[in-house]
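In: build me a model from this:
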Amino acid sequence: MSDPRPGIWRHSAAGFLATLVLMFVTEPYVDRLRGGRIVTALLLSLVLFSAALAVGERKKLLLWAGALGAPSIVLTWLWNVRPDLMPRHFAVGTALFFVLFVSVRLFRFVLGARVVDSEVLCAAVATYLLLALAWTFSYILVGLADPKAFAWTSGPATGEAMDGFTPLYYSLTTQATLGYGDIVPVSPTARLLAMTQAVGGMFYMTLLVARLVAVYSSQNRPADRR
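Out: Predicted structure coming up:
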């Protein structure tokens, strides 16, 4: 049985995942460029725009996504072009709120799917990466509020702020529970976020695998004979 919900899911989940992966794999190199901030803003805008389409399976949801995503894109560009006009935490905060909204919508789509197909798998992977992006914004906000919230113990980033590719790298390694130890949360807020992300990442994968296995087993179960 196919998923009965109409809309643009069939055309957007895979494309949205592609934009996310593009931003994640290019960020380490873009961060080193002279105009890297503008390129990062462009990639982030592309991700946020694709995210609005990915959750807009109905016109009402698309309008809600646009209303929440547009301020994120505008404030992101405003801070990158004229950082003197607006504190950065406004741009990061609106992006965080929108990413959380999209994550919830995608996760509901995955849990409510009646078949396991490529779109469901793409949405599931995209949700995992979106959670990492949400915590990335959270770490940036914590670093802006308290420059001493994190400590660097090794590597070229020693003594630097939680900025650029660093928070994304720290977020993904924490969510994957790798824990290299080169960046250490020091403040109580930073430690709470890191602890929550590590536990949340494990719970997400557990729930996801259990749900997908259950749906796959159900759709491949032979029909009852009368």
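In: ranges for the strands of the protein?
Out: In the chain, strands defined by DSSP state E lie at 150-152, 183-185, listed in chain order.
In: what's the spacing between the first one and its chain's center?
Out: This means strand 150-152. 23 Å (CA atoms, centre = their mean, to the nearest Å).
In: same question, the last one
Out: For strand 183-185, the separation from the chain centroid amounts to 21 Å (computed by CA atoms, centre = their mean).
In: and that strand, what's buried?
Out: Ile183, Pro185 (16 or more other CB atoms under 10 Å). C-beta coordinates here come from the backbone N, C-alpha and C atoms, glycine included.
In: stretch 160-174 too?
Out: Met162, Gly164, Phe165, Thr166, Pro167, Leu168, Tyr169, Tyr170, Ser171, Leu172, Thr173, Thr174.
In: please tell me I have it right and Leu85 contacts Val74.
Out: No: counting by CB atoms under 8 Å, Leu85 stays clear of Val74, with 11.9 Å between them.
In: look at the two and report which has more neighbours.
Out: Val74 (13 against 8; other CB atoms under 10 Å).
In: list the contacts of that one.
Out: Not one residue lies near Val74 by CB atoms under 8 Å, 6 or more residues apart in numbering.
In: distance of it relative to Val30?
Out: As for Val74, its distance to Val30 is 21 Å (criterion: CB to CB, to the nearest Å).
In: likewise Ser118?
Out: Relative to Val30, and taking CB to CB, Ser118 is found at 28 Å.
In: neighbour count winner among the two?
Out: Val30 (19 against 10).
In: test my guess that the more buried one contacts Ala41.
Out: No: with contacts counted by CB under 8 Å, Val30 stays clear of Ala41, the gap being 10.2 Å.
In: just give me the residue right at the centre of the chain.
Out: For the chain, Leu130 is the residue whose C-alpha lies nearest the centre (CA atoms, centre = their mean; 1.7 Å).
In: let me know the pLDDT of Tyr170.
Out: On pLDDT, Tyr170 comes in at 94.
In: again but with Val115, I slipped
Out: 82.
In: what about it, how many residues nearby?
Out: 14.
In: list the buried residues in the lengthiest helix in the chain.
Out: Secondary structure of the chain per DSSP state H: the longest helix is helix 188-219. By neighbour count with 16+ other CB under 10 Å, helix 188-219 contains the buried residues Thr189, Ala190, Leu193, Ala194, Gln197, Ala198, Gly201, Tyr204, Leu208, Arg211, Leu212, Val215.
In: show me where this protein has helices.
Out: Going by DSSP H, the chain shows helices at 9-30, 36-54, 59-81, 88-112, 118-145, 166-175, 188-219.
In: could you give the angle of the fourth one to helix 9-30?
Out: Relative orientation of helix 88-112 with respect to helix 9-30: 140 degrees, computed using axes from the mean of the first three to the mean of the last three CA atoms, to 10 degrees.
In: state the mean pLDDT of helix 88-112.
Out: Here the average pLDDT along helix 88-112 is 90.
In: between helix 36-54 and it, find me the angle.
Out: Helix 88-112 runs at 30 degrees relative to helix 36-54, counting by the same axes, to 10 degrees.
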